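S.K.: What would the 3D arrangement of this be:
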Amino acid sequence: MRRRTPSPQAPSTFGLTHFDDAGAAHMVDVGAKPESARVAVASGVVTMELETANAVRAGTIGKGDVLGVARIAAIQAAKRTSDIIPLCHPLRITGVDVDLRVANNAVYIMATVRAFDRSGVEMEALAAVSAAALTIYDMCKAIDRGMVISEIRLDEKRGGKSGTWTRETSDGGARKRRAT
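M.R.: Numbers count the residues shown, from 1 in each chain. Now for the predicted structure:
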């Protein structure tokens, strides 16, 4: 019996650029775009038992300095995003800042990624937050398997043709954050 070859996806009706005219996924050609300063800020939360958060804060987790290792994991993930997200371009990242704060029963993560390139750094900031959260989980799972990774999201992006975008708060205002 002859197998049918699946038909390609229909062209995007949403104006998405990662699909060609036949609907197949492809890497967008950014060669003609001008290089410009790009910044993206992403955040996330790892919620855990209060005792786990206290051990992270005190640096008494058996595997070592949870926040220090999570920070390095975030930086490394930002630098290697194009290796794990298939259609991302490798970028010349000029800086990565990672803020990790323990408050009550959670670790709050914020990553700011900067580049001077032809494509934005939103995926790099999101990858940084994700890697930090997964590292925190990995380092603490022996004492708390019930941790929850949540609220990973883009908070702000600047640069490029589309300009600046900032996530609004529930009251309609822009999210407040520290200057970078």
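
S.K.: what about the spatially most central residue of the chain, is that helix, strand or coil?
M.R.: Closest residue to the average C-alpha location of the chain: Leu126 at 0.7 Å, with CA atoms, centre = their mean. Recorded secondary structure, Leu126: helix (DSSP: H, G, I helix; E, B strand; the rest coil).

S.K.: List the contacts of it.
M.R.: Applying CB atoms under 8 Å, 6 or more residues apart in numbering to Leu126 gives the contacts 40, 42, 152-154. For glycine as for every other residue, the C-beta is placed from the backbone atoms N, C-alpha and C.

S.K.: Narrow the residues you listed to those that are buried.
M.R.: Those of the contacts of Leu126 that meet the buried threshold are 40, 42, 152, 154, by 16 or more other CB atoms under 10 Å.

S.K.: Am I right that the third one sits in a strand?
M.R.: Yes - according to three-state DSSP, the state of Ile152 is that of a strand.

S.K.: I'd like to know how far it sits from Ala133.
M.R.: Noted for Ile152: a distance of 7 Å to Ala133, by CB to CB, to the nearest Å.

S.K.: does Cys140 really touch Thr60, like I thought?
M.R.: No - using CB atoms under 8 Å, Cys140 is not in contact with Thr60, being 11.1 Å away.

S.K.: Comparing these two, which shows the higher neighbour count?
M.R.: Comparing Cys140 with Thr60 by other CB atoms under 10 Å, the one with more neighbours is Cys140, at 23 against 9.

S.K.: got the contact list for the more buried one?
M.R.: Cys140 touches 48, 52, 55-56, 61, 66, 147, counting by CB under 8 Å, 6+ apart.

S.K.: how far away is it from Val69?
M.R.: Distance, Cys140 to Val69, by CB to CB: 11 Å.

S.K.: how far is stretch 145-160 from where the chain is centred?
M.R.: Centre-to-centre, stretch 145-160 and its host chain are 6 Å apart (CA atoms, centre = their mean, to the nearest Å).

S.K.: same thing with stretch 155-171?
M.R.: How far stretch 155-171 lies from its chain's middle: 15 Å, per CA atoms, centre = their mean.

S.K.: can you pull the alpha-carbon coordinates of it into PDB?
M.R.: Taking Å, rounded to 0.1, in the frame of the first residue of the first chain, the C-alpha atoms of stretch 155-171 are listed here in PDB:
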ATOM      1  CA  ASP A 155       8.100  41.800  30.200                       C
ATOM      2  CA  GLU A 156       9.700  44.300  27.800                       C
ATOM      3  CA  LYS A 157      11.500  44.500  24.500                       C
ATOM      4  CA  ARG A 158      13.300  47.500  23.000                       C
ATOM      5  CA  GLY A 159      14.800  48.000  19.600                       C
ATOM      6  CA  GLY A 160      14.300  47.000  16.000                       C
ATOM      7  CA  LYS A 161      11.600  48.000  13.600                       C
ATOM      8  CA  SER A 162       8.700  47.300  16.000                       C
ATOM      9  CA  GLY A 163      10.200  49.600  18.700                       C
ATOM     10  CA  THR A 164       9.400  49.200  22.400                       C
ATOM     11  CA  TRP A 165       6.800  46.900  23.900                       C
ATOM     12  CA  THR A 166       6.100  46.700  27.700                       C
ATOM     13  CA  ARG A 167       3.800  44.300  29.400                       C
ATOM     14  CA  GLU A 168       0.900  46.100  31.100                       C
ATOM     15  CA  THR A 169       0.000  45.400  34.700                       C
ATOM     16  CA  SER A 170      -3.500  44.300  35.600                       C
ATOM     17  CA  ASP A 171      -4.400  47.900  36.400                       C
END
